[in-house]
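Chemist: after the sequence you'll find the predicted model.
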Amino acid sequence: MKAPDGQTSMMMAERYRALARVGVGGTAVVFRCRDLHTQRIVAVKALKPSATNATDEAASRFRREARLAGRLSHPNIVRVLDYGYTMPVTVGSQTHWTDDHDKPVPYLAMEYIYGPTLKDLLKRVGPLPLDWIWSLGEQLCSALAVAHSVGVVHRDVKPQNVMLVDSPLELLPKLADFGIARQIGGDITALTATGQVIGTPDYLSPEQVLGEPGGPSSDLYSLGVVLYELITGRLPFEAETPLAAASKRMMVDPPPLTAFRRDTPSALQEIILVALQREMSERFQSASEFADALRWSRAHSPAQPQPERGSWLPGHTDPRQASSTAERSGAPADEAAHPANAAKRAESDGELDLSEQSTILRVRNDWTPDD
């Protein structure tokens, strides 16, 4: 598709005009795009060409993510909108993909979430207000309950996979990245080698550390690790390496949360430690049970001061934090309104504005595509 002056927009699947590269992972790259059919902004995740020659496993996982995530409809789960194949995309000198660029790769189009990840929020403000903990925990339990109800286990619940909607009205998390999810009762032998550890070691359940595929209880354990980290600002098991920390949970119990945050209510601490039991039978048996327990702990805890509404947003300056800290780690929700910070944010989170690339990658927003 040609712009009026002869320049070419970077297109994917003849439908999505790439506006920026917003993230690069081990096997995939994510772009912020405009859907020319609906004119809405979406996120398009495309498999790296380099991932296709590591057997077809990466492509199989990618297709499975589209199939499983596409079955889920919930306010706290990132929605999958489209799936298909597109020609590979190479962006900028930082990306060294030297494979066959004439072979189509799978892509996944999802709703685009304006806002930081839960990990970004934790880095910016440190341990979160307890009122946020209960809200986030209950909403993520609700998302997992829906996934589990249709037989989908996420297997990689972590703060990096939780997006926060850029809204001053409510703290709304969205669970993302079902790339290593599996269907309960499905055949996983073709996609998971025996004894292979799948997931992020810091948040793995003990059974996943042992190489087992993991089930709903494994997701709830990982959520327990996430909530522990949000409350205390640290992981329950720490060692010199992530794998050593993962192994440590097989032998010792996590330290009480009050060892790192003295204002942790005993009822909340009790709930988190139940979620982190090594034996699956001693944990919560469902996400709904976990959510009920969180509500119980809130009702049986001292009243908490209410944080300022919208203080979870990247551009918000928390009066309890030094302004230099906020400036160092915060990022505006709308980069167009804060152009001075765009380069700094790109450097920290991997976003690359395609309008700054070569002519063939230049993005034009001042023209309407042909019908």
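Modeler: Received, thanks. Values in this document were obtained by computation on a predicted structure and should not be read as measured data.
Chemist: biggest helix in this structure by residues?
Modeler: Ranked by residue count and defined by DSSP state H, the top helix of the chain is helix 130-149.
Chemist: next one: that helix to chain centre, how far?
Modeler: 14 Å (Cα atoms, centre = their mean, to the nearest Å).
Chemist: please identify the buried residues of it?
Modeler: 130, 132-148 (16 or more other Cβ atoms under 10 Å). C-beta: built from backbone N, CA, C; applies to glycine.
Chemist: with stretch 283-302 instead?
Modeler: So stretch 283-302, judged by 16+ other Cβ under 10 Å, has buried residues R283, F284, S286, A287, F290, A291, A293, L294, S297, R298, S301.
Chemist: got these as JSON lines, with pLDDT and secondary structure columns?
Modeler: What follows is the buried residues of stretch 283-302, written out as JSON lines (pLDDT from 0 to 100; DSSP: H, G, I helix; E, B strand; the rest coil):
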{"residue": "R283", "pLDDT": "96", "secondary structure": "coil"}
{"residue": "F284", "pLDDT": "96", "secondary structure": "coil"}
{"residue": "S286", "pLDDT": "97", "secondary structure": "coil"}
{"residue": "A287", "pLDDT": "98", "secondary structure": "helix"}
{"residue": "F290", "pLDDT": "98", "secondary structure": "helix"}
{"residue": "A291", "pLDDT": "98", "secondary structure": "helix"}
{"residue": "A293", "pLDDT": "98", "secondary structure": "helix"}
{"residue": "L294", "pLDDT": "98", "secondary structure": "helix"}
{"residue": "S297", "pLDDT": "98", "secondary structure": "helix"}
{"residue": "R298", "pLDDT": "97", "secondary structure": "helix"}
{"residue": "S301", "pLDDT": "95", "secondary structure": "coil"}
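Chemist: spit out the contact partners of the residue most central in space within the chain.
Modeler: Compute the mean C-alpha point of the chain, and by Cα atoms, centre = their mean the closest residue is N161, 1.7 Å away. By Cβ atoms under 8 Å, 6 or more residues apart in numbering, the contact list for N161 reads T117, H154, L175, A176, D177.
Chemist: quick check, the last one in contact with D156.
Modeler: The reference is to D177. Yes. Judged on Cβ atoms under 8 Å, D177 makes contact with D156 at a distance of 6.5 Å.
Chemist: what's the helix or strand for Y221?
Modeler: helix 216-232 (DSSP states H and E).
Chemist: quick one: that helix to helix 130-149, angle?
Modeler: Using axes from the mean of the first three to the mean of the last three Cα atoms, to 10 degrees, one finds that helix 216-232 and helix 130-149 are set 170 degrees apart in direction.
Chemist: for stretch 112-122, the distance to its chain's centre please.
Modeler: Distance, centroid of stretch 112-122 to centroid of chain: 8 Å (Cα atoms, centre = their mean).
Chemist: check stretch 147-155 too.
Modeler: 16 Å.
Chemist: closest to H37 out of the contacts of N161?
Modeler: Using Cβ to Cβ, A176 comes nearest to H37 of the contacts of N161, at 22.7 Å.
Chemist: for the closest one, what are its contacts?
Modeler: I77, V78, M110, I113, N161, V162, M163.
Chemist: make it 6 Å
Modeler: By Cβ atoms under 6 Å, 6 or more residues apart in numbering, the contact list for A176 reads V78, N161, M163.
Chemist: next: V80.
Modeler: Neighbouring residues of V80 by Cβ under 6 Å, 6+ apart: A69, G70, M110.
Chemist: top of these by neighbour count?
Modeler: Neighbours here mean other Cβ atoms under 10 Å. Within those, the largest count is held by A69, at 24 neighbours.
Chemist: now the helices: where do they sit in this protein?
Modeler: Applying DSSP H to the chain gives helices spanning 57-69, 118-125, 130-149, 206-209, 216-232, 242-248, 266-275, 287-299, 323-329, 339-349.
Chemist: least reliable of those helices by average pLDDT, please.
Modeler: If the helices of the chain are sorted by mean pLDDT, helix 323-329 sits at the bottom with a mean of 32.
Chemist: picking that back up, nearest to G26, out of the helices of the chain?
Modeler: helix 57-69 (8.7 Å).
Chemist: ok, now how distant is the closest residue in space to Y16 that isn't next to it in sequence from K123?
Modeler: Closest residue to Y16 apart from its sequence neighbours, by Cβ to Cβ, 6 or more residues apart in numbering: C33 at 3.9 Å. As judged by Cβ to Cβ, to the nearest Å, C33 and K123 stand 27 Å apart.
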